[in-house]
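1. Here is my input; please provide its structure:
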Amino acid sequence: MSLKTINRHLAWAAALACLPCAAAWADEGPGNGAGANAGTPTERLGAVLVTGNPLGEREPVQASQSLSGDALTLRRGATLGESLDGLSGVSSSYFGPNSNRPVLRGLDGDRVRMLSNSGSSVDASSLSFDHAVPLDPLVAERIEVLRGAASLLYGGSAIGGVVNTLDNRIPRQAQLGLSGAAELRLGGAADERSGAVVLDGGDGAKNGGLAWHADLAARKASDLRVPAFEDGEGLRGRHVRNSASDSHGGAIGASAIFSQGYAGVSLDDYRNDYGVTVEPDVSIHMQRQRLATAGEWRTPGGLLPRLQWQASRSLYEHREIEGTGAVGTIFRSRGSDLRLEAEHAAIGLVRGVLGLQWERSSFAALGEEALVPSTRTRSGALFLLEQYRSGPLALSAGLRRESVKIDSAGDAAEAETPRFGPAGGRSFAPRSLSFSGSYALSPALSLQANLSDTQRAPMFYELYANGVHVASGAFERGDANLGLERARGVDLGLKWERDGTLLRANVYQTRFANYIALDATGQRVDDQPEYHYVGVPARLRGFELEASKVLPRMAWSGRWQLTAAAQLDGVRGTNRATGEALPRLAPLRAGWSLEASDGLWNGKLELRQVARQERVPALDTPTAGYALLKFSLSRQLKLGATDALWYLKLDNLGNKLAYSATTVATLRELSPLPGRSLHTGLQIRF
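-> Okay, the predicted model is just below:
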């Protein structure tokens, strides 16, 4: 990077750093201006309106976590996985700074259902660790994590849970005049330069009115800066090679708002060009376009008081570009989905929703390095969710029945070296059941329980993969005879909340009769380590502990309100056939934080400790533990008639060299976690 570029970035950072001081002159104190709208950015994960739950209930029976507002702004990373990593029970499948998919309680890939506004998100991120999720956290208004009875309504791939990214691209409520937000971010370990603008408008009419939305976002980052390390190839450096990225996207949408509901449509486009760390001369050029429609019709007092629909058509493509500029492999996916939900009239104290879901997708990998044949997947499902609530008792039960058909085109007629065999197909009929309950022992203390019996059809790549996967540095082999993945789970929880004190504990176990794992064989094919998809009996056990306490005000603390918090979680996975550990599980993790707020200023000091991961498969290696210290500072501002939030984040203050145990073994030594960094940004809301 040139000295001129560095000076320009420093000038921007200095300007942003001065904003809170300049705005302080305009504030008369906590009771004026921004104080009226100020809120601390503490991560409050209590009662939220969960739109991933079709009944939209507060205090849902199923376990849920939500990030929104200032808490989301301060946690927001370059990827969805990075934004959620560190929440209780949530980690990420770290594949460098560009490809991080959420991992819920040790389950990743197609076992975690990725949703966009509660609808399907078509991409190739579950196929490979190097494929990024085409959802930009910069324009998200809220991110939800959903587990329990309602999550199975989104498919067998929700064994681990659901991650739902929400925005206002299809407006659901009347909007009067113009409102929006703009954000600029600079710095970080990847020298990030990013920004976003979100606009919402309308005529305010609730009957026959129009509401519209538009957003733009862009992010450019350099190779990730890390502490000095030696990679698996004997090279020393301070940057993760070929980890730069350049992404941008935007969307427009509009809805007709009427007294009994809404009907709208949106179109979005997202592009991301990023490097592949395993191959220093290979980059990925990715684009996803999505046309979506959604609507709702309400008839209070009727047999079906609420009808809701959503449908989308997605076009996804990414090209793997060689250092010479030649296109190596092209991945293309086309998908359509339709979802209809009908809430039935209450039967006594029972409310419920029934519906159907239809999905069609095609996938093609073109080029000499294609590791899967062209495939087509068709699925249909019927689902039902019923909820009962009476006094301190709440119960929820869900049922889903699916039909899944996967067809392979086999080898092309002109193929010089046949690898995929003749055309063929498989059909599956998975079904899922789930039951959740909660009981309030007192206004402060409640118990929760979730039981599930879930089945998942194998994905096309688990059935038909057979080739070198360049991005992961492995030869991957599927098994066309794989059966349904079957799992039974139990989750028990205890929550106590009173007078600024929160205590939460969860223990869970998921037992798989057939767990589809990508395991190393110990063999080498085409000079690459061989991995194959195989069904094994498995078990996952874990726990999550959380505690927070608003501390009494002390004379020395003045106007500052202090909050202390701690969390501890762990998961243990075992192949019951061999006794070996399941691959890529996060080790025992602990977090400690102390937060101080006076309504305008907010500061938070965090220590994250991760234990050494020694429970690994025989052909993997342990990952060392580490401790990372972080600090954030934010200031609510009043800039004329607009509100704003300035923030500063200092990460990995000790510049600790650390590696993620959830990273695939072929990449782990090449991609340490980010080093010491400073990140600053400004968000303006009007």
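2. what helix or strand is residue 439 on?
-> When elements are assigned from DSSP states H and E, residue 439 belongs to strand 431-440.
3. Give me the helices and strands touching the helix or strand just after that strand, please.
-> Read in the C-terminal direction, the helix or strand following strand 431-440 is strand 445-456, with elements assigned using DSSP H and E. Helices and strands in packing contact with strand 445-456 are listed as strand 431-440, strand 485-498; criterion 3 or more CB pairs under 8 Å, 6 or more residues apart in numbering; DSSP states H and E. Glycine gets a C-beta too; all of them are placed from N, C-alpha and C.
4. just the helices in the protein please.
-> If DSSP state H is used as the criterion, the helices of the chain fall at 3-26, 69-75, 80-84, 460-464, 665-668.
5. where among those is the average confidence lowest?
-> Set side by side, the helices of the chain show their lowest mean pLDDT on helix 3-26, which sits at a mean of 38.
6. okay, now residue 403: neighbour count?
-> Applying other CB atoms under 10 Å, we find 14 other residues in the vicinity of residue 403.
7. Give me the neighbour count for the residue nearest to residue 106 when sequence neighbours are not counted.
-> On the basis of CB to CB, 6 or more residues apart in numbering, the spatially nearest residue to residue 106 that is not a chain neighbour turns out to be residue 571, at 4.1 Å. Residue 571 is flanked by 24 other residues according to other CB under 10 Å.
8. show me what contacts residue 571?
-> Listed by CB atoms under 8 Å, 6 or more residues apart in numbering, the contact partners of residue 571 are 89, 105, 106, 540, 541, 542, 585, 586.
9. beta partners of residue 594?
-> Beta-bridge partners for residue 594, by DSSP bridges, are residue 564, residue 605.
10. Test my guess that it contacts residue 605.
-> Yes. Taking CB atoms under 8 Å as the definition, residue 594 is a contact partner of residue 605 at 5.2 Å.
11. Tell me what residue 184 is bridged to.
-> Listed beta-bridge partners, residue 184: residue 195, residue 682 (assigned using DSSP bridges).
12. Do I have it right that it meets residue 681?
-> Yes. Counting by CB under 8 Å, residue 184 does reach residue 681; the two are 6.0 Å apart.
13. and those two? which has more neighbours close in?
-> Neighbours around residue 184 and residue 681, counted as other CB under 10 Å, are more numerous at residue 681. The numbers are 24 against 17.
14. Can you give me the separation between that one and residue 422?
-> 55 Å (CB to CB, to the nearest Å).
15. Kindly report the same for residue 142.
-> Counting by CB to CB, the gap from residue 142 to residue 422 is 47 Å.
16. higher neighbour count, those two?
-> Comparing residue 142 with residue 422 by other CB under 10 Å, the one with more neighbours is residue 142, at 17 against 9.
17. Quick check: that one touching residue 67?
-> Yes. Because the distance of 6.8 Å satisfies CB under 8 Å, residue 142 is recorded as touching residue 67.
18. which residues do these two both contact?
-> Going by CB under 8 Å, 6+ apart, no residue sits against residue 142 while also sitting against residue 67.
19. tilt between the longest strand belonging to the chain and strand 445-456?
-> Determined from DSSP state E, the single longest strand within the chain is strand 501-525. Angular relation of strand 501-525 and strand 445-456 on a 0 to 180 degree scale: 20 degrees, by axes from the mean of the first three to the mean of the last three CA atoms, to 10 degrees.
20. Pull out the buried residues from strand 501-525.
-> Going by neighbour count (16 or more other CB atoms under 10 Å), the buried part of strand 501-525 is 502-504, 506, 508, 510-520, 525.
21. Partner strands of that strand, with direction?
-> Here strand 501-525 is paired, per DSSP bridges, with strand 485-498 (antiparallel), strand 528-550 (antiparallel).
22. what comes up buried for the first one?
-> If you call a residue buried by 16+ other CB under 10 Å, then strand 485-498 has these buried ones: 485, 486, 487, 489, 491, 493, 495, 497.
23. Residue 526 contacts residue 468, correct?
-> Yes. Applying CB under 8 Å as the test, residue 526 and residue 468 come out as touching, 5.5 Å apart.
24. Looking at those two, which one has more neighbours?
-> Using other CB under 10 Å, the more surrounded residue of residue 526 and residue 468 is residue 468, with 19 against 8.
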